[in-house]
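1. got a predicted structure here, sequence first:
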Amino acid sequence: MSKDAHKDGSLQSQIGRTGEALAAEYLRKKCGFGILACNWRNPNDRREEIDLIALKAGAIVFVEVKTRRAGGLVPGYFAIGRRKRRALRGAIRAFLGMQFPAPRTYRLDVVEVELGDGPPGIRHFENVGLFR
């Protein structure tokens, strides 16, 4: 394993980065997304991060990637709690505030990546209600 395989040294961090890479590849190859940024952080609050920012049919798509081991008890989609939603809203608002002109259409998608012994399982949930 390379020394920069996981910056914070945790296995969970490495699993997360693997899932994000698989999600980006899936969105690019299977769904026709253009990937604009990976792990974008709000410059005013580094705790607010967006896993992937993509472009699809003129819309900016913010993507939260949740990676789980096969057979996990809680699917990734349901693991986005109140604190994470608040951080996502802050990061999305910061990103949109830096765009001139501001994009007219944007949404949040969630991609679940399940890692196990076989090929990874990937589920894509489009237009998740984050701002409600």
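-> Noted; the coordinates are in hand. This one's a predicted model, so the numbers in the text were calculated from it and none came from an experiment.
2. in three-state terms, label the most centrally placed residue in the chain for me.
-> Central residue of the chain (C-alpha atoms, centre = their mean): Glu64, 2.7 Å from the mean position. At Glu64 the chain is in strand, as set by DSSP: H, G, I helix; E, B strand; the rest coil.
3. swap in Gly118?
-> Quick answer, by three-state DSSP: Gly118 is coil.
4. the residue nearest to the centre of the chain contacts Ile80, doesn't it?
-> Yes. Glu64 is within contact range of Ile80, at 6.3 Å (criterion: C-beta atoms under 8 Å). For every residue, glycine as well, the C-beta is placed using N, CA and C.
5. and Val128, how far from Leu108?
-> 5 Å (C-beta to C-beta, to the nearest Å).
6. same thing with Gly121?
-> From Gly121 to Leu108 the distance is 21 Å (C-beta to C-beta).
7. quick one, phi/psi of Tyr26?
-> phi -60, psi -50 (degrees, to the nearest 10).
8. of Val128 and Leu108, who's got more company?
-> Set Val128 next to Leu108 and count neighbours by other C-beta atoms under 10 Å: Leu108 wins out with 21 against 18.
9. my read is the more buried one is in a strand, agree?
-> Yes. Counting by three-state DSSP, Leu108 is located in a strand.
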